[in-house]
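**Q** pasted the sequence and its predicted model underneath.
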Amino acid sequence: MKLTRVGDSREIDAEVISRDGSTIRVRIGDRQLAAEFTANADGGGVLTIDGRRYLIFGARRKDSILVSVGPASFEFMPAEAAFRRRARGLAAPEIIAPMPGKVLKLMVRDGDLVEAGQALVVIEAMKMETTLAAESAAMVKHVRVEEGQMVDHGAVLIELSPSPASSGRESAPRVE
Amino acid sequence: MERRLTKLLVANRGEIALRIIRSARLFGLKTVAVYSAADAKSAHVGAADEAIAIGPAQPAKSYLDIAAIIAAAKHCGADAIHPGYGFLSERPEFAQAAADAQIVFVGPRPEVMAALGDKVAARRIAVAAGVPVVPGIEAAEISATREFAALVGYPLVVKAAAGGGGRGMRVVAQAAQLESALGAAAREAAAAFGDGRIFVEKYLAYPRHIEIQFLGDDHGAVAAFGERDCSIQRRHQKIIEESPAPGLTDQMRAKIIDAALKLARAARYTNAGTAEFLVEGDNFYFLEVNARLQVEHPVTEMRFGCDLVCEQLRIASGGKAPVPAAPRGAAIECRINAEDPEHDFRPATGTVLHLSVPGGPGVRFDSHLARGAEVTPWYDGLLGKLICYGANREEARGRLVNALDEFALLGVTNNAAYLRDIVASGQFRDAKLSTRFIDSFFSGWEIGKSEIDAAIVAAAITGGGAMGDIPSDGAALPAGAERRSPWDDLKNFELWGSRR
């Protein structure tokens, strides 16, 4: 299955090739890994790769898969869902509220050309100001919110389209 | 002056509300929780003897609403209020409103709080008491600030007069950033504290943040409970704190404690407070007094074998401040926050789907988390504090690394792996501490490659459907299936997730 780690634009092609008792062979891209997996009664398990043991837990949330590896936690999405976001040759064609909050400041207007890393909007949530920036060069197609507006998690704040100055191809994410 | 207290209202939420309720019960008090609409199912609500709804999710209309909280206290017959930290804890108007309602406020008197809780006023008291302060300027008007900058040079730091927790604080590296930094700091300060006043100080290059915990009583005694090193900060918010401060000479420690006590006595301070200092080389500078219990108080408790909340309650009852026991060993705390360390630490929210809590000797986890708990965007993202004690720093550090390795939390992105890597690092082991520690050693942190591999394998097992005996859609196990898959329990997780 093709997975995308949330927050990372690259696709990971991962597949359980075989399973023999507790021995699992997994292909990640063109690499193969052998892993030992022992289930625990509490919904987790112990995964051993190259002699290193990891305490893991997994859960599904709507269309994403959450796993923890020790204190580290990860979220994966099936690639199709993640791909839709990037279909237009942009790292992220939309600037989406990563959490519910208040739009504090808008730094761009419809039609503006922006560069990768340029700050577009400041939202306030959890008592902190968070600045959201463009992931790639783009043109601001449509600013969908106003300053002072409360927004929900996942709300589209700004729509972007490929910058006419760039070919669009260069800023496309790598697909592996 | 003895006052017999019977019922304590805790004007706060999250881990600190739970922690106060525990000590209040030990002290023999009935406890009352207050909660906003967003916190109706929060742990502190269930932990108290009574719980009272005080308003909607917005802090300004619930936890920051003095009238609503005083009304709740009157309604349930509470004779004392503990404000915790944050929210109203350092608002003199709140302490005054409690006094006006004949309710004991567990903290300093309003006039002391007004004098010391305000960073600008506190600086003046320090100067008057002969305690050194960092060069700075009040008011922070743009032209006057430019003149000040010309005098002391960049970088500067802009702070909120009413600030705390790094909010409303901005470092200004060069003149071009000054005006926007003043604006942003003032906006953040106004939003967080309802007070947009800011001031500017020279930003020291590689200082350590050392603070002194003290307790004062109504009988005029003030006692210091050693120091904490809180140098490891990210965006001026502490993430790792410890006691004792490694490598601090006894003379320096004594000098700083002496300065803290001078300040507390000059202010006729009562109840718990903390004086914060920056230490650079042989110099130290007063920063501010936190006129409340602090997030990092457990490191002092573990080293001094005391319960600071019980001491606060004893002092509020008219009792005496304790004589500190001889401190023993070392304690280190780290703050597990709802934030994404791989994406500029942006705040995270969500529902806790799985939680593994570490244990063992010398391990303490102060938290309100449990499976099903919701982390909302309304409040700060502190999920819990993990504190480890050891006979010496290295033992405490080893326990903290192990404890973080045992910690697992799914559903709310958090910084536990980041903290583990810091505490396990050679730089932390060698105590190369300064407030620039993170900038110096951990600015480009990434999760380990082998952990990513393990995560992908786990995700493939979980989501791949390649394992025949795993129901992928919550369907019942095939009849006669012998081995129970661990992933069956995911149905429960999905239930929690879909209940929203």
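**A** Yep, that arrived.
**Q** number of nearby residues for residue B:289?
**A** 31 (other CB atoms under 10 Å in any protein chain shown). All C-beta atoms are positioned from the backbone trio N, CA, C, and that covers glycine.
**Q** again, but for residue B:147
**A** For residue B:147, using other CB under 10 Å, the count is 10.
**Q** next helix or strand past the helix or strand containing it?
**A** Using DSSP states H and E, residue B:147 falls within helix B:142-152. On the C-terminal side of helix B:142-152, the nearest following helix or strand under DSSP H and E is strand B:156-160.
**Q** before we move on, back to that, quick one, the helix holding residue B:147 and strand B:156-160 angle?
**A** 140 degrees (axes from the mean of the first three to the mean of the last three CA atoms, to 10 degrees).
**Q** helix B:142-152 packs against which elements?
**A** Judged by 3 or more CB pairs under 8 Å, 6 or more residues apart in numbering or on different chains; DSSP states H and E, the packing partners of helix B:142-152 are strand B:136-137, strand B:156-160, helix B:178-193, strand B:198-202.
**Q** and that helix, average pLDDT?
**A** Taken as a whole, helix B:142-152 has a mean pLDDT of 90.
**Q** how about stretch B:267-275?
**A** The model assigns stretch B:267-275 a mean pLDDT of 96.
**Q** how about residues contacting it?
**A** Stretch B:267-275 has contacts (CB atoms under 8 Å, 6 or more residues apart in numbering or on different chains) with B:106-109, B:112, B:115-116, B:125, B:211-218, B:220, B:222, B:259-260, B:263-264, B:286, B:288-294, B:297, B:308, B:311-312, B:315-316.
**Q** tell me the pLDDT of residue 167.
**A** Just so you know, I chose chain A. Listed pLDDT for residue A:167 reads 43.
**Q** actually, chain B is the one I wanted.
**A** Residue B:167 is assigned 74 on the pLDDT scale.
**Q** and for it, the neighbour number?
**A** When counting by other CB under 10 Å, one arrives at 23 neighbours for residue B:167.
**Q** re earlier: quick one: the helix holding residue B:147 to strand B:198-202, angle?
**A** Between helix B:142-152 and strand B:198-202, the angle comes out at 20 degrees (the same axes, to 10 degrees).
**Q** may I see the buried residues of helix B:142-152?
**A** Going by neighbour count (16 or more other CB atoms under 10 Å in any protein chain shown), the buried part of helix B:142-152 is B:145, B:148-149, B:152.
**Q** next one: that helix to chain centre, how far?
**A** 33 Å (CA atoms, centre = their mean, to the nearest Å).
**Q** can you list contacts of it?
**A** By CB under 8 Å, 6+ apart, the residues outside helix B:142-152 that reach it are B:135-137, B:156, B:175, B:178-179, B:182, B:200, B:202.
**Q** farthest pair in the residues you listed?
**A** Spanning the widest gap among these are B:135 and B:179, at 20.6 Å by CB to CB.
**Q** where does the residue most central in space within chain B land in three-state SS?
**A** Central residue of chain B (CA atoms, centre = their mean): residue B:295, 3.3 Å from the mean position. State at residue B:295, reduced to three classes by DSSP: H, G, I helix; E, B strand; the rest coil: coil.
**Q** and the pLDDT for it?
**A** Residue B:295 is assigned a predicted lDDT (pLDDT) of 98.
**Q** pretty sure it is touching residue B:89, no?
**A** No. Between residue B:295 and residue B:89 there is no contact under CB atoms under 8 Å: 11.1 Å.
**Q** stretch B:365-381 near chain A anywhere?
**A** Yes. Using CB under 8 Å from any CB of the partner chain, stretch B:365-381 reaches chain A at B:376-381.
**Q** actually stretch B:334-348, not the one I wrote
**A** Yes. Against chain A, stretch B:334-348 shows contacts by CB under 8 Å from any CB at B:338, B:340, B:342-343, B:346-348.
**Q** about what we covered before: out of the helices and strands packed on helix B:142-152, which is the most enclosed?
**A** strand B:156-160 (a mean of 25; mean count of other CB atoms under 10 Å in any protein chain shown).
**Q** helix or strand next in line after that one, which one?
**A** On the C-terminal side of strand B:156-160, the closest following helix or strand by DSSP H and E is strand B:170-172.
**Q** ok so, going back, where neighbours are concerned, which of the residues of stretch B:365-381 next to chain A has the most?
**A** residue B:381 (26 neighbours).
**Q** list the contacts for that residue?
**A** Contacts for residue B:381 (CB under 8 Å, 6+ apart) come out as A:126, B:337-339, B:347-348, B:375.
**Q** just those residues: which are in helices?
**A** Nothing among these maps onto helices, per DSSP state H.
**Q** out of the residues you listed, which is nearest to residue B:430?
**A** residue B:337 (24.9 Å).
**Q** distance-wise, check the closest residue in space to the closest one that isn't next to it in sequence relative to residue B:273.
**A** In space, and not counting its chain neighbours, residue B:337 is closest to residue B:381: 4.7 Å by CB to CB, 6 or more residues apart in numbering or on different chains. Distance of residue B:381 to residue B:273, computed by CB to CB, to the nearest Å: 25 Å.
**Q** ok, residue B:357 next?
**A** 31 Å.
**Q** export the residues of stretch B:365-381 next to chain A to JSON lines and append columns for secondary structure and pLDDT.
**A** Converted to JSON lines, these look like this (DSSP: H, G, I helix; E, B strand; the rest coil; pLDDT from 0 to 100):
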{"residue": "B:376", "secondary structure": "coil", "pLDDT": "89"}
{"residue": "B:377", "secondary structure": "coil", "pLDDT": "84"}
{"residue": "B:378", "secondary structure": "coil", "pLDDT": "88"}
{"residue": "B:379", "secondary structure": "coil", "pLDDT": "92"}
{"residue": "B:380", "secondary structure": "coil", "pLDDT": "90"}
{"residue": "B:381", "secondary structure": "coil", "pLDDT": "93"}
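**Q** where does pLDDT dip in chain A?
**A** Residue ranges of chain A with pLDDT under 70: A:42-43, A:80-92, A:127, A:164-176.
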